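1. Sharing a sequence plus its predicted fold:
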Amino acid sequence: MRTPVSAALVAALCFTFPAHAANDADLAEIRAQVKQMKETYEQRIAALENRLAEAEKTAIKAEKTAARTEAGVGQSAAEAAPKATAMTSASAFNPAIYAVLQGVYANLSQDPNKYAIHGFVPSGDIAPAKRGFSIAESELGFSANVDDKIYANLILSLSPDNSVEVEEAYGVLTALPGGFRPKFGRFLSSIGYLNDQHQHGWDFYDAPLPYQAFLGGQFRSDGLQLKWVAPTDTYLELGAEIGDGANFPGTERNRNGVGNYAMYAHAGGDIGASHSWRAGVSYLGLKPRDREYVQVDAAGVDSQMAFSGKSQLAIADFVWKYAPNGNAQNTNFKLQGEYFWRKESGDLTYDRDGALGLTNDSSYASRQSGWYLQSVYQFMPQWRFGVRYDQLATGRPDYGSNAAYLDSSGFNPKRYAAMIDYTTSEFGRFRLQAQQSKLLPDLTDNQVFLQYILTLGAHAAHKY
């Protein structure tokens, strides 16, 4: 390209001179001007090439940093988004937009409208899908850097009953030094391993039994979160949260102050080129007030209940992943498990509405636990197979004087599940899951689910 440009410059310069023959002085001057212009041109090209090289290095470094944060640190891509170095007004009004569409065909041997877990407080919308075909919960998300200091994310949940709910709506301060990352707004808590992952990112169609029994599926709150990642080779994350405590196992509050608080620590790292792991412990504390629910009493009658007191939940989680030489493209394996332990104490009201004429207030205390273990094996590109086992321990609740009305038998709910799924691309997945649930005494529910998950738009990567 440089030779034609030089020729054009010479031709342009020569055209300005008279038609008579040039003398030696004229030729020398022309050669000097051409040489000067060529040097200037080459300097500008070199400067642009240097700027391009530096920009490419910066982009590569940012991508590697985000990838390390995602894979080792366990943050979401939204939280790990690099700070913008030059935010323009145009980019501020162009958020990343995505949608996740889900649907399911369910074949159930028991009526999903009567879904219950024996010995545990009913905890919200945890029942499986209705029988036959139905759409499942879909998701619509918007995310962007507000400026060079704040990242924001809005996720709307679109339910099969045509209702819309704000699932998450939060901002993250990205400019603080020292590995601190504050989050504020509505968010899924980072307790445990599975809780802050969205449902479409799970390896099975539904949440494990401990999540259903202790958290109503997932726990979220409106509040503040602070995470700190230690500057060490081994991944170490410490976090704390405070919130309104309105979600199960808490209740809505009409008072000032904090409704829930949580603390957790997560550690992880690599073992050689093929293995990686993450483990953690978490604690969640709440103070529910008049938590109302319906419980079948010892006589088999639905009774209105209300609980006020303290609810404390501890979780231990562990994940181990294997990919030959770190390449998970063809085959990989994941082993995942969590153990839950909950203690509640306070006052329990039986027949709170007086419908049975037996209204009674008494002290209440319970210690209950549960766990699950699952594994997923990608045996060839696009195909995975997984198995899961869940179990709960109801314990022996102390109902006080309400023991005359309430059953405290030691039946422990359990469930077996197996799934196989096919991933068409990073945007599409089809899953077949079969499971057997034994959640009530002398009752077995055989369930089959055929699920699809379709992602449209720029969706953030899932956590480790």
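-> Arrived safely, thanks for sending.

2. other SSEs contacting the helix or strand harbouring Ser157?
-> According to DSSP states H and E, Ser157 maps onto strand 150-158. In this structure, strand 150-158 packs against strand 138-145, strand 164-173, with contacts taken as 3 or more C-beta pairs under 8 Å, 6 or more residues apart in numbering; DSSP states H and E. Using the backbone N, CA and C atoms, a C-beta is placed for each residue, glycine as well.

3. and the nearest residue to Ser143 once chain neighbours are set aside, how many neighbours?
-> With sequence-adjacent residues excluded and distances taken as C-beta to C-beta, 6 or more residues apart in numbering, Ser143 is closest to Asn153, at 4.4 Å. One way to gauge burial is a neighbour count; for Asn153, by other C-beta atoms under 10 Å, it gives 23.

4. Also Ser221?
-> Applying other C-beta under 10 Å, we find 26 residues neighbouring Ser221.

5. in a helix, that's where it is, yeah?
-> No - the assignment for Ser221 (DSSP: H, G, I helix; E, B strand; the rest coil) gives strand, which keeps it out of a helix.

6. Could you pull up the residues touching the residue lying closest to it once chain neighbours are set aside?
-> Spatial nearest neighbour of Ser221, chain neighbours left out: Gly243 (2.9 Å); criterion: C-beta to C-beta, 6+ apart. With contact set as C-beta atoms under 8 Å, 6 or more residues apart in numbering, Gly243 has these partners: 189, 221-224, 258-262.

7. Recalculate using a threshold of 6 Å.
-> Residues touching Gly243, when contacts are defined by C-beta atoms under 6 Å, 6 or more residues apart in numbering, comprise 221-223, 260.

8. From these, pick the one nearest Thr331.
-> Ser221 (38.8 Å; C-beta to C-beta).

9. can you pull the pLDDT of the closest one?
-> Reading off the confidence values, Ser221 has pLDDT 95.

10. Can you tell me how far it is from Gly103?
-> With distances defined as C-beta to C-beta, to the nearest Å, the gap from Ser221 to Gly103 amounts to 29 Å.

11. returning to what we had before: wait, which of the helices and strands packed on strand 150-158 is closest to Thr331?
-> Relative to Thr331, the nearest member of the helices and strands packed on strand 150-158 by C-beta to C-beta is strand 138-145, separated by 29.3 Å.

12. Tell me the strands beside the closest one, with direction?
-> In the sheet containing strand 138-145, its partner strands are strand 96-108 (antiparallel), strand 150-158 (antiparallel), by DSSP bridges.

13. Now render those as TSV, adding mean pLDDT and distance to Gly272.
-> As requested, the strands paired with strand 138-145 are exported to TSV (pLDDT from 0 to 100; distance: least, C-beta to C-beta, whole Å):
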stretch	mean pLDDT	distance to Gly272
strand 96-108	96	35
strand 150-158	96	34
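
14. For Leu392, find the nearest of those strands.
-> strand 96-108 (19.9 Å).

15. thinking in terms of the whole chain, how far from its middle is that closest one?
-> Using C-alpha atoms, centre = their mean, to the nearest Å, the mean C-alpha position of strand 96-108 is found 16 Å from that of the whole chain.

16. still on that earlier bit, next, format the helices and strands packed on strand 150-158 as JSON lines and append mean neighbour count and distance to Ser375.
-> Formatted as JSON lines, the entries for the helices and strands packed on strand 150-158 read as follows, by neighbours: other C-beta atoms under 10 Å; distance: least, C-beta to C-beta, whole Å:
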{"stretch": "strand 138-145", "mean neighbour count": "19", "distance to Ser375": "26"}
{"stretch": "strand 164-173", "mean neighbour count": "17", "distance to Ser375": "28"}
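
17. As a check, name the ranges of all strands in the stretch 251-400 of the chain.
-> Counting by DSSP state E, counting those that start in this stretch, one finds strands in the stretch 251-400 of the chain at the ranges 260-271, 275-286, 291-296, 302-322, 332-350, 360-380, 383-393.

18. Mind putting those strands into TSV with mean neighbour count?
-> Conversion of the strands of the stretch 251-400 of the chain to TSV gives the following (neighbours: other C-beta atoms under 10 Å):
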stretch	mean neighbour count
strand 260-271	18
strand 275-286	20
strand 291-296	16
strand 302-322	19
strand 332-350	19
strand 360-380	18
strand 383-393	19
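
19. just so I know, which of these lies nearest Ser163?
-> Relative to Ser163, the nearest member of these by C-beta to C-beta is strand 291-296, separated by 21.1 Å.

20. Listing partners with orientation, what would you give for that closest one?
-> The partner list of strand 291-296 in its sheet, established with DSSP bridges, is strand 302-322 (antiparallel).

21. Just the angle for the helix or strand that contains Phe449 relative to strand 96-108, thanks.
-> When secondary structure is defined by DSSP H and E, Phe449 falls within strand 443-457. Between the axes of strand 443-457 and strand 96-108, defined by axes from the mean of the first three to the mean of the last three C-alpha atoms, to 10 degrees, the angle is 160 degrees.

22. Now for Leu173: which residues touch it?
-> For Leu173, the contacting residues are Pro182, by C-beta under 6 Å, 6+ apart.

23. ok so, going back, next, format the helices and strands packed on strand 150-158 as JSON lines and append distance to Arg415 and mean pLDDT.
-> Putting these into JSON lines (distance: least, C-beta to C-beta, whole Å; pLDDT from 0 to 100) gives the following:
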{"stretch": "strand 138-145", "distance to Arg415": "25", "mean pLDDT": "94"}
{"stretch": "strand 164-173", "distance to Arg415": "25", "mean pLDDT": "97"}
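
24. With distance to Ser123 added, can I get the ones you listed in JSON lines?
-> Below are the helices and strands packed on strand 150-158 laid out as JSON lines (distance: least, C-beta to C-beta, whole Å):
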{"stretch": "strand 138-145", "distance to Ser123": "21"}
{"stretch": "strand 164-173", "distance to Ser123": "17"}
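
25. out of these, nearest to Tyr377?
-> Sorting the helices and strands packed on strand 150-158 by C-beta to C-beta, the top spot, which is the nearest, belongs to strand 138-145 at 27.0 Å.

26. what's near enough to touch the closest residue in space to Gln336 that isn't next to it in sequence?
-> Excluding the flanking residues, the one nearest Gln336 by C-beta to C-beta, 6+ apart is Val319, at 4.9 Å. Residues near Val319 by C-beta under 6 Å, 6+ apart: 193, 278, 336.

27. Val319 and Leu439: what is the separation?
-> Using C-beta to C-beta, one gets 26 Å for the distance from Val319 to Leu439.

28. and what of Phe379?
-> Taking C-beta to C-beta as the measure, Phe379 and Leu439 are separated by 31 Å.

29. now do Ser276
-> Going from Ser276 to Leu439 by C-beta to C-beta gives 34 Å.

30. Domain parsing of this structure, as residue ranges.
-> Under automatic domain parsing, the residue ranges defining each domain of the chain are 2-57, 98-457.

31. can you list the strands paired with strand 138-145 in a markdown table and add distance to Ala460?
-> Conversion of the strands paired with strand 138-145 to a markdown table gives the following (distance: least, C-beta to C-beta, whole Å):
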| stretch | distance to Ala460 |
| --- | --- |
| strand 96-108 | 8 |
| strand 150-158 | 8 |
